[in-house]
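Engineer: what follows is a predicted protein model with its sequence.
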Amino acid sequence: MNVWGRLARVIRSQVGDWVQAAEDPEKLLEQAVADMQGDLIQLRQSVAQAIATQKRTERQCHQTTTLTQEWYNRAQLALRKGNEAQAREALAQRHSYLRMRAQLESHIGEQKGIITKLKANMRDLEVKIADVRTRRDMYIARARSAAASQRIQDTIAQVGNERSLGTLGRMEDRVLDLEAQADAMAELNQSMAAGSLEGRFAALEQDEEAAIEDELSAMRANLPGA
């Protein structure tokens, strides 16, 4: 039972990875470029191998041409010495190398054609990879820009929904209440300060009146006949 449970979890995990990859365009584009790059590497290896084979065949053809000339020289030597049998054998060997050279030259022509096609395919693939990379970068930039725009729109929608507006309304009411309370306290403090100032001035006025009365009494006492 545990084995089946683990197997089910593994399958679900793999399916989840596939779904996630399918839903992520950036991963798909990156994988596409990676696959094309792998194909290009293999194609370059094929071109290199074809060129190496062509060079090896050309060396063999050159060696065969040299042997062909050597057997021709031997046939001439045998003929000058009057040995026609050896001259005939040398010419037979020469013709054998001539046939081999013709085959090698034919192979070289085929190999050149193959290399030309491989190089053309390689250049086409390089152009396609460059184009795919450019499109990939453009699409990724557009996708990220769209995602950022969507997040901004979601944020605006969240700020503009009824719940957010209700929260803002309650916040505004609270601020207005605090401002009203602050204004009331300021007015009360000013009133208290004004009342205290008037009391001090009244006390000063009473002291001044008492002083005036005392001074007036003193003047009466100094009048003649008082």
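Structural biologist: Okay, I see it. Quick caveat, the model's predicted, so the values are computed rather than measured.
Engineer: use CA for all of it now, contacts and neighbours both
Structural biologist: Will do.
Engineer: how many other residues sit next to Ala87?
Structural biologist: By other Cα atoms under 10 Å, 22 other residues sit near Ala87.
Engineer: what packs against the strand or helix carrying it?
Structural biologist: Mapping Ala87 onto the secondary structure by DSSP states H and E places it in helix 84-160. When contacts are defined as 3 or more Cα pairs under 8 Å, 6 or more residues apart in numbering; DSSP states H and E, helix 84-160 sits against helix 25-80.
Engineer: follow-up on the earlier one: now do the helix holding Ala87 against helix 25-80, angle only.
Structural biologist: Here helix 84-160 runs at an angle of 170 degrees relative to helix 25-80 (axes from the mean of the first three to the mean of the last three Cα atoms, to 10 degrees).
Engineer: centre of the chain to helix 84-160, how far?
Structural biologist: Chain-centre distance of helix 84-160: 27 Å, with Cα atoms, centre = their mean, to the nearest Å.
Engineer: pLDDT averaged over that helix - what is it?
Structural biologist: Confidence for helix 84-160, expressed as mean pLDDT, is 87.
Engineer: from Ala210, how far out is Arg59?
Structural biologist: Noted for Arg59: a distance of 140 Å to Ala210, by Cα to Cα, to the nearest Å.
Engineer: residues near Glu26, how many?
Structural biologist: When neighbours are defined as other Cα under 10 Å, Glu26 has 18 of them.
Engineer: once you drop chain neighbours, what's closest to Leu104?
Structural biologist: Of all residues beyond its chain neighbours, the one nearest Leu104 is Cys61 (5.8 Å), with distances taken as Cα to Cα, 6 or more residues apart in numbering.
Engineer: isn't that neighbour up against Arg101?
Structural biologist: Yes: counting by Cα atoms under 8 Å, Cys61 does reach Arg101; the two are 5.5 Å apart.
Engineer: count of residues packed around Leu104?
Structural biologist: 20.
Engineer: hmm, Thr57 and it touching each other?
Structural biologist: Yes: at 6.5 Å, Leu104 and Thr57 qualify as touching, with contact defined as Cα under 8 Å.
Engineer: report the residue ranges of every domain in the protein.
Structural biologist: What automatic domain parsing lists as the domains of the chain is 25-160, 165-216.
Engineer: nearest to Asn222, of those domains?
Structural biologist: Shortest distance between Asn222 and the domains of the chain, using Cα to Cα, is found for domain 165-216: 10.1 Å.
Engineer: rounded mean pLDDT for the closest one, please.
Structural biologist: Domain 165-216 comes out at a mean pLDDT of 69.
Engineer: next, the contact list for the nearest residue to Glu84 once chain neighbours are set aside, please.
Structural biologist: Closest residue to Glu84 apart from its sequence neighbours, by Cα to Cα, 6+ apart: Ala78 at 6.6 Å. Going by Cα atoms under 8 Å, 6 or more residues apart in numbering, Ala78 touches Glu84, Gln86, Ala87.
Engineer: one more time with 10 Å
Structural biologist: Contacts for Ala78 (Cα atoms under 10 Å, 6 or more residues apart in numbering) come out as Tyr72, Glu84, Ala85, Gln86, Ala87, Arg88, Glu89, Ala90.
Engineer: now do the same for it: its pLDDT.
Structural biologist: For Ala78, the predicted pLDDT is 90.
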